[in-house]
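Novice: Quick one, fold the following:
(2 chains)
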Amino acid sequence: GENVEQHPSTLSVQEGDSAVIKCTYSDSASNYFPWYKQELGKGPQLIIDIRSNVGEKKDQRIAVTLNKTAKHFSLHITETQPEDSAVYFCAASITGRRALTFGSGTRLQVQP
Amino acid sequence: DVKVTQSSRYLVKRTGEKVFLECVQDMDHENMFWYRQDPGLGLRLIYFSYDVKMKEKGDIPEGYSVSREKKERFSLILESASTNQTSMYLCASQRSRGNYEQYFGPGTRLTVT
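Specialist: As a prediction, the model looks like this:
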């Protein structure tokens, strides 16, 4: 089955700096790569996703890049703010299959 | 607004008890999922369902079963709770067509003593 590895496990940045979280996946058939943000006491919430026919996608301060050859994808957050502090999960899914395989999570702390 | 609710935020049960975790969604979604979340392991899929009365095993189904008698409700059952099932349990729902976004409930933190 699919295996998703995520790094780093914790990340601390100063407000205004950029943050990058990286994930690798094992199954070359995977074609959908979402990122979820989990705030304290809440369930994860989708913040951005990318499909395998796209190399990069942006949404305001958030961007995701995908390298299918190397089987890795990354989340980039620019101009970080204290409200970006949360746990972030990457995930992967094979075409036609709705279940996701998640990475182990990254705890991002933005210091004001 | 999309909503997934779980019956309890916190639950404490004894070893050997039968435990029911309930999840209800109000979005008329076809797909529903149960995950468990453990530190350093992320979210791991226990079971999922594509339709009423249909279920498929996820990555860690041992010790669990599920029930989906109505479209909006998906139950996770621990037949005989064990201490290694102490965890955070998250339910999610998803449309069967269109975007793949999964909508999560707030989670149930289960402690088995």
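
Novice: Might you list the low-confidence residue ranges for chain A?
Specialist: By pLDDT under 70, the low-scoring segments of chain A are A:95-98.

Novice: Run a quick neighbour tally on whichever residue of it sits closest to chain B.
Specialist: Residue nearest to chain B within chain A: residue A:43 (3.0 Å; CB to the nearest CB). Every C-beta, even on glycine, is put in place using the N, C-alpha and C of the backbone. Close neighbours of residue A:43, defined as other CB atoms under 10 Å in any protein chain shown, add up to 22.

Novice: Just say helix, strand or coil for the residue of chain B most remote from its centre.
Specialist: For chain B, the largest distance from the centre (CA atoms, centre = their mean) belongs to residue B:98, which lies 22.6 Å off. Following DSSP: H, G, I helix; E, B strand; the rest coil, we place residue B:98 in the coil state.

Novice: about what we covered before: for the nearest residue to the residue of chain A closest to chain B once chain neighbours are set aside, give the beta-bridge partners.
Specialist: Leaving aside its sequence neighbours, residue A:43 sits nearest to residue B:104 (CB to CB, 6 or more residues apart in numbering or on different chains; 3.0 Å). Judged by DSSP bridges, the bridge partners of residue B:104 are residue B:92.

Novice: quick one: residue B:104 from residue A:34, how far?
Specialist: Note on residue B:104: its distance to residue A:34, by CB to CB, to the nearest Å, is 12 Å.

Novice: Read off the pLDDT value for the residue of chain B found nearest chain A.
Specialist: Taking CB to the nearest CB as the measure, chain B has residue B:104 as its residue closest to chain A, at 3.0 Å. Note for residue B:104: predicted pLDDT of 96.

Novice: Count residues in the vicinity of it, would you?
Specialist: 22.

Novice: repeat for residue B:71
Specialist: 15.

Novice: Point out where chain B drops to low pLDDT.
Specialist: Across chain B, residues meeting the criterion (pLDDT under 70) sit at B:1-2.

Novice: Identify the residue nearest residue 6 in space, chain neighbours excluded?
Specialist: Looking at chain A here, since you left the chain open. Nearest non-adjacent residue to residue A:6, counting by CB to CB, 6+ apart: residue A:103, 3.0 Å away.

Novice: My question was about chain B, not that one.
Specialist: Excluding its sequence neighbours, the residue lying closest to residue B:6 (CB to CB, 6+ apart) is residue B:105, at 4.2 Å.

Novice: Contact partners for the one you found?
Specialist: Taking CB atoms under 8 Å, 6 or more residues apart in numbering or on different chains, we find residue B:105 in contact with A:43, B:4-6, B:23, B:90-92.
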